[in-house]
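Enquirer: kindly return the folded structure for what I paste below:
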Amino acid sequence: MSAEQQAGRAEQEGPDGGAGTPAAPRLVLASASPSRARILEAAGIPFTVLVSDVDEDAIAAANPLAGPAETAELLARAKAEDVAVHAEAAGALVVGCDSVFELDGVAYGKPWEPEVALERWRMQSGRTGRLHTGHWVVDTRGGAAISRPAAGALSSASVTFAEVEEVDAAAYVATGEPLQCAGAFTIDGRGAAFVESVDGDPNAVIGLSVSTLRTLLADLGVSLTALWQS
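Expert: Numbering: from 1, shown residues only. I've put the predicted structure just below:
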C-alpha cells in the first residue's frame, strides 16, 4: 500500500482506527464521592477523577435566596467549571454533581459532625424529604476556555424514612457513613435499613443519575453508549 493510500485510509477510519468511528471522548468526574464512582462503573462508563476545590459553604452563603434544588444546581456547576480549567481535564467532558436534601423547605447538606447527623435523624425519622442532585457537564474538547459548551439538569426524588429509634440512629451515626452524605443517609449502604421507599430515580439519591447524564451528553452531541466502547 502506498503512502497516499495509507493516508486516505487513515482519514476514512478516524483517530481510533475504526472505519468512520471517532474515538469516544474522555469523561472526568469532578467528585471524590465513592458512590458516584460506583454508579459510573456499574453503568460501564470509563472515567477519571479530578476533585474540585470548590468551597460548598461559601457558594451557599453567597446565594442566600437559592432554594434547595437551585443550590444543588449551583454547586454542581461550580464543581464542573472549577475542574474544567485544569490541564488534566483538557479535551474531556467534565461532570460535576452535588446533592442537597430538602425537609420542610430547608436545605440540608453534609452534616460532617456526629451530633449534627444525629439531630438530622431526630427530625427526619418517619417522615418524607426530597433529595435533589444537580448535574453539570462542561465540554472542554474545543480547547478555548471562553464559551465552552455546557449542559445542566436537576434530578430529584422523594425519600420516605422509617421510624428510627434513637439507639439505632446513634449506632448508624457511629459508623461514620452518614457524616459526608447530604441528608445524613445513604440508600446504597447501611442507611438503606432506615429507608422505606424512594419515589424517583434511585441513582439520583445516591448521587448521580445516569439517565440525566445520558440526556446532558446528548445535548452536547455525545452518545452515552459510545462511552461503553472507550
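Enquirer: ok, longest helix in this protein?
Expert: The helix that spans the most residues within the chain, counting by DSSP state H, is helix 68-84.
Enquirer: partners of the following helix or strand past that one, with directions?
Expert: Later in the chain than helix 68-84, the nearest helix or strand by DSSP states H and E is strand 92-103. Sheet pairing of strand 92-103 (DSSP bridges) gives strand 26-29 (parallel), strand 106-108 (antiparallel), strand 128-139 (antiparallel).
Enquirer: related to what we said a few turns ago, chain center to the longest helix of the chain: distance?
Expert: 10 Å (CA atoms, centre = their mean, to the nearest Å).
Enquirer: other SSEs contacting it?
Expert: Under the contact definition 3 or more CB pairs under 8 Å, 6 or more residues apart in numbering; DSSP states H and E, helix 68-84 sits against helix 56-62, strand 92-103, strand 106-108, strand 128-139, strand 150-161. Backbone N, C-alpha and C define where each C-beta goes, glycine included.
Enquirer: got the strands paired with strand 92-103 as a markdown table, with mean neighbour count, distance to V85 and mean pLDDT columns?
Expert: A markdown table is the format used below for the strands paired with strand 92-103 (neighbours: other CB atoms under 10 Å; distance: least, CB to CB, whole Å; pLDDT from 0 to 100):
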| stretch | mean neighbour count | distance to V85 | mean pLDDT |
| --- | --- | --- | --- |
| strand 26-29 | 22 | 12 | 96 |
| strand 106-108 | 17 | 27 | 93 |
| strand 128-139 | 24 | 9 | 98 |
